[in-house]
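In: Fold the following and give me the result.
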Amino acid sequence: MEGVNSPENFDGVTVPGGNAAWRRVQLARHPKRPHSLDYIGRIFQDFQEIHGDRNFGDDPAIVAGLAHFEGRPVLIVAEQKGRDTKQRFFRNFGMPKPEGYRKALRVMQMASKFGRPIITFLDTPGAYPGIDAEERGQAEAIARNLREMARLSVPVVVICIGEGGSGGALALGVGNTVLMLENAVYSVISPESCAAIIYRDSAKAEQAAAALRLTAEDLKSLGLIDGIIPEPAGGAHEDHDAAAESLRTHLSARLSELDSLSADQIVEHRYEKFRRMGNFFA
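Out: Down below sits the predicted model:
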């Protein structure tokens, strides 16, 4: 393995400073890092969970429900990893199945019908790749969410709080505003999988992390997210209350910014946002 401070060549592009990106990956995966339910319990009131996709079953990897935020009714859709071994198995380590994405879409469409802003929390290594998930249409469920979220007539604020893993996160990530916590990561593939494909060696995940440009600073500079939420010194795991308060402040400000837009403007705002992604010459 190359030294952590050495530049790494990735498909013809030299990317310096691999160790910084890898440290962010480790912080995003920290076992004591606050998960979605930790934030929901601290900054929302009267949370009432909604279960099931009305087709196959309920997926505990996605938590969805109605709540109040600073006195206003909102709808929350969140990926939940679980804290201890028992919870992690119950939540499938935060890897949603098709019924989870269909549950999420059901409740988001309900929010649109009743005019409630939607807040989504991204925290997953990726969608569950098991045979049973594929048999029930994992790819179709993710694709449908992408299409239907683009059409929602209410404000959608997306917050990546830990790992934003590939389509598993993007299926809840089509928002008017996309925010990331300071030490969160968001990428099309995990560093280990990327290293296994590119370098034929998953042990080179550290170099792959730098090449993927998966940190909040990277994504903000590329115009792929709208803002970075600061964390307490040392990371969100050091002070859950302070991390939640920082998130609450930024969420409040972003919702206020979107309040002035009509339903048609909300849809157009979201459309234009994603149309601009990847255009570096305009």
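In: Pull out the CA atoms of stretch 52-60 and give them to me as PDB.
Out: Coordinates of each C-alpha in stretch 52-60 appear next as PDB, following Å, rounded to 0.1, in the frame of the first residue of the first chain:
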ATOM      1  CA  GLY A  52     -45.500  -1.100   5.800                       C
ATOM      2  CA  ASP A  53     -45.700  -0.700   2.000                       C
ATOM      3  CA  ARG A  54     -49.200  -2.100   1.700                       C
ATOM      4  CA  ASN A  55     -47.800  -4.700  -0.700                       C
ATOM      5  CA  PHE A  56     -45.300  -7.100   1.000                       C
ATOM      6  CA  GLY A  57     -44.300  -6.000   4.500                       C
ATOM      7  CA  ASP A  58     -42.500  -3.500   6.700                       C
ATOM      8  CA  ASP A  59     -38.800  -2.800   6.400                       C
ATOM      9  CA  PRO A  60     -37.200  -1.700   9.700                       C
END
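In: quick one: buried residues of that stretch?
Out: 53, 59-60 (16 or more other Cβ atoms under 10 Å). No exception for glycine: its C-beta is placed from N, CA and C like everyone else's.
In: Among the residues you listed, which one sits closest to residue 36?
Out: Closest approach to residue 36 among those (Cβ to Cβ): residue 60, at 11.7 Å.
In: residue contacts, that closest one?
Out: When contacts are counted by Cβ atoms under 8 Å, 6 or more residues apart in numbering, residue 60 touches 80, 90-92.
In: Over to residue 166?
Out: Contacts of residue 166 (Cβ under 8 Å, 6+ apart): 126-127, 187-190.
In: In a markdown table: the residues you listed, plus secondary structure, neighbour count and distance to residue 112.
Out: Output for the contacts of residue 166, formatted as a markdown table (DSSP: H, G, I helix; E, B strand; the rest coil; neighbours: other Cβ atoms under 10 Å; distance: Cβ to Cβ, whole Å):
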| residue | secondary structure | neighbour count | distance to residue 112 |
| --- | --- | --- | --- |
| 126 | coil | 21 | 27 |
| 127 | coil | 26 | 23 |
| 187 | strand | 24 | 29 |
| 188 | coil | 15 | 28 |
| 189 | coil | 17 | 31 |
| 190 | coil | 23 | 32 |
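In: Mind telling me the two of these farthest from one another?
Out: 127 and 187 (13.8 Å).
In: For those two, list the residues in contact with both.
Out: 165-166.
In: Would you map the helices across this structure?
Out: 18-28, 36-43, 85-90, 98-114, 131-135, 138-151, 166-170, 191-198, 205-212, 216-221, 240-258, 263-276 (DSSP state H).
In: Those: which one's closest to residue 121?
Out: helix 36-43 (4.3 Å).
In: now what about that closest one, what contacts it?
Out: 47, 63, 67, 69, 76, 78-80, 121, 123, 161, 240-241, 243-245, 247-248, 251.
In: Just the CA trace of that helix, in PDB.
Out: In PDB, the C-alpha atoms belonging to helix 36-43 read as follows (Å, rounded to 0.1, in the frame of the first residue of the first chain):
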ATOM      1  CA  SER A  36     -31.500   8.800  12.500                       C
ATOM      2  CA  LEU A  37     -33.600   7.900  15.500                       C
ATOM      3  CA  ASP A  38     -31.100   9.800  17.800                       C
ATOM      4  CA  TYR A  39     -31.700  13.000  15.800                       C
ATOM      5  CA  ILE A  40     -35.400  12.400  15.500                       C
ATOM      6  CA  GLY A  41     -35.800  12.100  19.200                       C
ATOM      7  CA  ARG A  42     -33.900  15.300  19.900                       C
ATOM      8  CA  ILE A  43     -35.200  17.800  17.300                       C
END
